[in-house]
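kindly return the folded structure for what I paste below:
(2 chains)
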Amino acid sequence: MHEEAALRRRQGFSGPRWTGATLDARAPNGDLWVMPLPRSRLFLLAILLFALLLPPVQTHADESPPAVRIGVLAFLGDDASGQAWFPLLDHLQHRLPGYRFSLVQLNHDGLERAVTAGELEFVITNPGHYVELEARHGASLVLTLDRGDAPAAERALGSVVIAPRQRASLRELPDLRGQRLAVVGKEGFGGYQLVWRELLAAGLEPERDLAGLLTLGLPMDRVLAAVERGDADAGVLRACVLEQQPDWQTRFRVVGARSEPGFPCVTSTRLYPDWPFARLRGTPPALGRELALALLAMDRQRDGLAWAVPADYQSVHALFRELQIGPYKDLQPPTVMMLAERYWPWVAGFALLVVAWVLYTVHVERLVDTRTAALRAVIEERQQLAADMRASQERADHLARLSVLGELSGTLAHELNQPLATIANYAGSLIRRLDGHRLTDDAVREAAGEMATQAERAADILARIRGFSRKRRMPRAAVSPREMVDEAVALFRGMLGGAPRIDIASALPPGLAVEMDALQIQQVLLNLLKNGYDASRSLPAERQALALRLEQADDLLLITVRDHGSGMDDETRRQLFEPFFTTKPEGLGLGLAICRSIAEAHGGHLTAAPAADGFGSEFTLSLPLNASGRDAHA
Amino acid sequence: MPDIESCLIHVVDDDAAFRRSLVFLFESVGWTVCPHASAEAFLAALEAAGPGVRNPLQQEAACLVLDIRMPMMSGLELQRTLRARGCRLPIVFLTGHGDVELAVQAMKLGACDFMEKPFKDQALLDAVTAAIRRGAAERAESSRRSSACEVLARLSPREREVAQLVARGLPNKLVARALEISEKTVHVHRQHVMEKTGTSSAAELARLTLLADPSALD
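Take a look at the predicted model:
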């Protein structure tokens, strides 16, 4: 809207807006002052005079002649507007006295509003605007302005790009790249849009490829002045304006001049039809026809302007399509190339973003890789630590159990001693009294009662111990016998300061797993190893070595612990597994009994035999390979 | 020899059933038994009894059967307490499994014997009998010693010097030389000594002297 603001500034006063002024054709007599003023100034003055001299426009509600309002685009009217249209008004009023004609001069937006509101019957506007009105409001062409100097109505308008004469490098339109271009305004049809199309055709996008677009507003003299002063490198004029400048050939050069046969002026663009006279949708076609006939009768010599049969405005459509403005704004499906040309900064930006994203992703991936590796290392370390802790925990558990067993033996002995000694006392006393013939019934009752009570007490103590061993029972799981044995041996070595050599021989198929309570079985093995160790600890070192053998016999796993000790006599072997049988001074005699019960709880056996070569003993623990096998076979 | 049949047995054990069985056992051989549930209870009974027939300090045939492990005051602590009070009551300790260390300590402190539970009744009875005998012997020994001391205390200092030397078997001449007195004077002193102590020979005098002080003639 800066053009409008510029125009208003040029008015020099704040009177009624010229764009809204109504020129009543009947009031003036048609005599116009022709003064050597710039045309536009003259035009403004005319409006001013009308506004001041004439009585205010009355509303002639009682008048019979129907009103015919003709909207005129004043925005780019330049030399053709202003007084140029008065002859038209005169002519029409004269020829068609049955109507009351009025001219409404409006700028682009004002005209648009008036058309939308249905306040106009006809409109005279530039070809570009007409195409828009046609598309949006159903305006239809009546006639095309005929200035007389054009070869045809279709080829009447063009634009010329000028540069200072001395800028010899500016010959063709592509030379404008990087230059400043002076125009009256971007909305101007002849003042800019025609050149815009040619620039695009020459591969120049004005917004992108020009150093700047100087919008100077009307009159076009400003463009000339800007170019001459050097404010701009080049400027756009409507064709035929240049030729009116004195000595223009010495002052200016034409950029991208085209040869347009029959066209009297220099032009840098293709030619387009001149301004149309158009009927708006609500106007009766008959009225249009009447006006067309009247206007066609206008004579250039007599009236200053003339009208011709409607021209073809396809070229304007083509222009708008290419520029994607007017009715073709965003309507035309854009081709990839157009999109690329139009949106290349976006595409480039997007591509840049994509590249940045890819780089970022790669970076992040690498970062994630390194961090993951670090994390994995930490996790493995922690797992290792946890495994170590678990191992030492299990080890501690084993030791605790063994020490508990040791402690238990003391407590057990002490606790069992009390009732046993009590019972013995009573029993001995009874016999003693009997022998001395001093045994009374009361004494028997007392002693027998006490003995029964103490027997129960002993039974309770034993039950408590059984409960303790049950509490420690772990769920069974399939474990590798070799690993379990290795662990037991490691435990055994850990428990003893100077453990003897222990040879482990395994004849088991690899990957064999046997379901068992590993802790209990290890307890058995520890007992067997300890027994073997005790049996040979006083012997020379080579006799102290122990041997562990793992083998499979049918559906049994056999684990044999062999020592090279002094062996056992038959009496010992017979009582070996009986509870509380022991050959050790500090022994409780429960170890092997518990071991055997563990083996039997697993569906297996624990047996003892002299070693085949006569040295030492062999203890063999046999466990079913499939713990549920005995059930499965059943 | 004290009368075994009339001796008094003190039983100190925290296990009531076991304590009752000991009472039952000792009563079957006709002993009088005095059971105590703890060392503290025994000491309290001691205080309450005061000097008298039932006081173990006065009782000739008595024995203490003492459990070595008890919750409050242990058997060993009771033994030390009694010893500090000058009570020489013979003690037979009863120990559980693995209490050999404690039993050895108790023996060093003068206990008569220890029995590891479970024990055969006869073994305990034998041990108690032996303890009572030993206690009675000690008691008799100490009474003999005190009467010997009493007799020797009647002698004058010079007579005591003469008695010492005579008891060592020295003839009158050597005694006179050692004491730098005349042989006649020695003879008079010697007759007085024999009269006062009721002895008739140097050997008898020596036995009396040793009885009063086993190291007197070293």
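
any idea which element residue A:609 lies in?
Per DSSP states H and E, residue A:609 falls inside strand A:605-610.

which stretches in the stretch 51-200 of chain A count as strands?
Listed in chain order, the strands of the stretch 51-200 of chain A (DSSP state E, counting those that start in this stretch) span A:67-73, A:100-106, A:122-124, A:140-146, A:159-164, A:180-183.

how about residue A:258: what's its closest non-neighbour residue?
Leaving aside its chain neighbours, residue A:258 sits nearest to residue A:267 (5.7 Å; criterion: CB to CB, 6 or more residues apart in numbering or on different chains). C-beta coordinates here come from the backbone N, C-alpha and C atoms, glycine included.

now do the helices in the stretch 401-550 of chain A.
For the stretch 401-550 of chain A, the helices defined by DSSP state H, counting those that start in this stretch occupy A:441-471, A:481-495, A:518-536, A:541-544.

what is the mean pLDDT for the shortest one?
What helix A:541-544 shows for mean pLDDT is 80.

pLDDT below threshold where in chain B?
With pLDDT under 70 as the threshold, chain B has low-confidence stretches at B:1-5, B:50-60, B:97-98.

find the closest residue to chain A in it.
Going by CB to the nearest CB, chain A is nearest to residue B:121 of chain B, at 2.8 Å.

quick one: furthest residue from the center of the chain?
By default, I'm working from chain A. residue A:437 (108.2 Å; CA atoms, centre = their mean).

hm, I was asking about chain B
Max distance from the centre of chain B (CA atoms, centre = their mean): residue B:182, 43.1 Å.

and the nearest residue to residue A:216 once chain neighbours are set aside, helix, strand or coil?
Nearest non-adjacent residue to residue A:216, counting by CB to CB, 6+ apart: residue A:222, 4.1 Å away. At residue A:222, secondary structure determined by DSSP: H, G, I helix; E, B strand; the rest coil is helix.

how much space between residue A:222 and residue A:431?
148 Å (CB to CB, to the nearest Å).

please apply the same query to residue A:457.
Between residue A:457 and residue A:431 the computed distance is 22 Å (CB to CB).

contact residues of chain B facing chain A?
Chain B comes close to chain A at residues B:15, B:17-18, B:20-22, B:24-25, B:27-29, B:69, B:96-98, B:117-122, B:124, as judged by CB under 8 Å from any CB of the partner chain.

can you do 10 Å?
By CB under 10 Å from any CB of the partner chain, the residues of chain B that approach chain A are B:13-30, B:67, B:69, B:94-99, B:115-125.

of these, which belong to helices?
Those of the residues of chain B next to chain A mapping onto helices are B:16-28, B:121-125, per DSSP state H.

hang on, the earlier thing: after the strand holding residue A:609, which helix or strand is next?
Per DSSP H and E, the first helix or strand lying C-terminal to strand A:605-610 is strand A:617-624.

what are the pairing partners of that following strand, and which direction each?
Applying DSSP bridges, strand A:617-624 is found paired with strand A:556-562 (antiparallel), strand A:605-610 (antiparallel).

run through chain A and note the low-pLDDT ranges.
Ranges of chain A meeting pLDDT under 70: A:1-64, A:75-83, A:330-339, A:392-412, A:414, A:464-475, A:494-498, A:579-581, A:584-590, A:627-634.

centre-most residue in it?
Central residue of chain A (CA atoms, centre = their mean): residue A:357, 10.5 Å from the mean position.

in three-state terms, label it for me.
Residue A:357 carries the three-state label helix when classified by three-state DSSP.

residue contacts, it?
By CB atoms under 10 Å, 6 or more residues apart in numbering or on different chains, the contact set of residue A:357 is residue A:364.

one more time with 7 Å
If you count contacts by CB atoms under 7 Å, 6 or more residues apart in numbering or on different chains, residue A:357 has none.

from the stretch 201-350 of chain A, which residue is nearest to chain B?
Closest point on the stretch 201-350 of chain A to chain B, by CB to the nearest CB, is residue A:350, at 89.4 Å.

check the strands paired with strand A:617-624 for me and report the most buried one.
Highest mean neighbour count of these: strand A:556-562, a mean of 22 (counted as mean count of other CB atoms under 10 Å in any protein chain shown).

in chain B, which spans are helices?
B:16-28, B:39-49, B:75-84, B:100-108, B:121-153, B:157-167, B:172-179, B:183-197, B:202-212.

among those helices, which comes closest to residue A:604?
helix B:100-108 (39.0 Å; CB to CB).

show me how far that closest one is from its chain's centre.
Centre-to-centre, helix B:100-108 and its host chain are 20 Å apart (CA atoms, centre = their mean, to the nearest Å).

what residues go with each domain of the chain?
Picking chain A for this. A:2-149+A:274-328, A:159-255, A:340-471, A:477-633 (automatic domain parsing).

hm, I was asking about chain B
Taken from automatic domain parsing, chain B resolves into B:4-143, B:154-212.
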